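> test case, fold it:
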Amino acid sequence: MMRWVNYMRKRLLNICNRVLRVILVLLLSILITIFIKTIAIDYSYVSGHSMSPTLHDGQPLLVMKCSYGVRKPRNIYEIQILGSVVYYLSEKSVVDSVLRNNPPFEYMFLFSFPKRGDIVVLNVPVNNNLHAVKRCVAIAGDSIPYNKNTLPYNIVPYKGMVIDAKSLNEMQSKYMQQNKSFMFEEKDSTYIALDDFVYVLGDNLEHSEDSRNWGAIPMSLIFGQVFTNL
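Alright, predicted model coming up:
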């Protein structure tokens, strides 16, 4: 009888150890996947025709998120997979409160900047919840065609660049007041760039909203480079 009890105990211990190993492997796999999708590489699709003929609607993309650096999530909901789970488990009032008080996007580490010709993925300035795929055509310090209706500058801003507030029209002043990538110096009545910027366009110029509408894009809004077209 004791032999049978000892035998069953060993069998049960072996089964528990195997189950525990499987659970640990699954947890480790999930953590690695979360890390990769949040920090390194993610999979996405093209929506719309603004990058035609280079990219077409519905085309799958592999986005290298760490191509320029590591941008930290602003809240738990921006952590891939884990964020989705927490979002659906949280009360709507809690989610709304967190999203409403989001801090600006910020890089933990910045290795490099986009080059002219890079296809980048960014948060749309007028609605950070939306993403866009555009081509970088000018980098910080480059001259760009001046558009008095949308752009308060004709040089792509670099960090520390100063823009005279007195030279802005009403539309431009409103744009600058809402732009968290600039600091207003009341003493000198100037805006100082807190970030480096790039100027982006869609390859299909006739059907694209881009820097002609939004202005130059702060580096903090760019979160990846199109690495491979699948």
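> so Met176, which of the three states?
Classification of Met176 using DSSP: H, G, I helix; E, B strand; the rest coil returns helix.
> can you tell me which helix in the protein is longest?
helix 2-35 (DSSP state H).
> that one: how far from the chain's middle?
How far helix 2-35 lies from its chain's middle: 39 Å, per C-alpha atoms, centre = their mean, to the nearest Å.
> now swap in stretch 166-175 and tell me
A distance of 27 Å separates the centroid of the chain from that of stretch 166-175, by C-alpha atoms, centre = their mean.
> and that stretch, what's its mean pLDDT?
The average pLDDT for stretch 166-175 rounds to 84.
> all strands for this protein, in order.
Using DSSP state E, the strands of the chain run over 41-45, 60-64, 69-72, 106-110, 119-124, 127-139, 162-164, 182-185, 190-193, 197-201, 217-218, 222-229.
> partner strands of the third one, with direction?
To tie it back to what came earlier, the one meant is strand 69-72. Paired neighbours of strand 69-72 in the sheet (DSSP bridges): strand 106-110 (antiparallel).
> where among the strands of the chain is average confidence lowest?
When I compare these, strand 222-229 is least confident, with a mean of 80.
> walk me through which strands that strand pairs with, and which way each runs.
Short version: by DSSP bridges, strand 222-229 pairs with strand 60-64 (antiparallel), strand 119-124 (antiparallel).
> how distant is the last one from the center of its chain?
For strand 119-124, the distance from its own C-alpha centre to the chain's C-alpha centre is 7 Å (C-alpha atoms, centre = their mean).
> now that strand against strand 127-139, angle please.
Counting by axes from the mean of the first three to the mean of the last three C-alpha atoms, to 10 degrees, strand 119-124 points 140 degrees away from the direction of strand 127-139.
> what's the angle between strand 119-124 and strand 41-45?
On the basis of the same axes, to 10 degrees, strand 119-124 is oriented at 80 degrees to strand 41-45.
> okay, strand 119-124 in CSV with CA atoms only?
Output in CSV follows, covering the C-alpha atoms of strand 119-124 (Å, rounded to 0.1, in the frame of the first residue of the first chain):
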residue,chain,number,x,y,z
ILE,A,119,9.6,55.9,-44.6
VAL,A,120,8.5,56.5,-41.0
VAL,A,121,5.5,55.7,-38.9
LEU,A,122,4.2,58.5,-36.6
ASN,A,123,1.4,59.6,-34.4
VAL,A,124,-0.7,62.1,-36.2
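> ok, residues contacting it?
With contacts defined as C-beta atoms under 8 Å, 6 or more residues apart in numbering, strand 119-124 is touched by 44, 51, 54-55, 61, 63, 105, 114, 129-136, 198, 200, 214, 217, 221-226. Where you see a C-beta, it was placed from the backbone N, CA and C, and this is true even at glycine.
> pLDDT of the longest helix of the chain, averaged?
For helix 2-35, the mean pLDDT works out to 79.
> coming back round to it: restricted to buried residues, select the contacts of strand 119-124 in ChimeraX.
The ChimeraX selection below is limited to those of the contacts of strand 119-124 classed as buried (16 or more other C-beta atoms under 10 Å):
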select :51,54,55,61,63,105,114,132,133,134,135,136,198,200,214,217,221,222,223,224,225,226
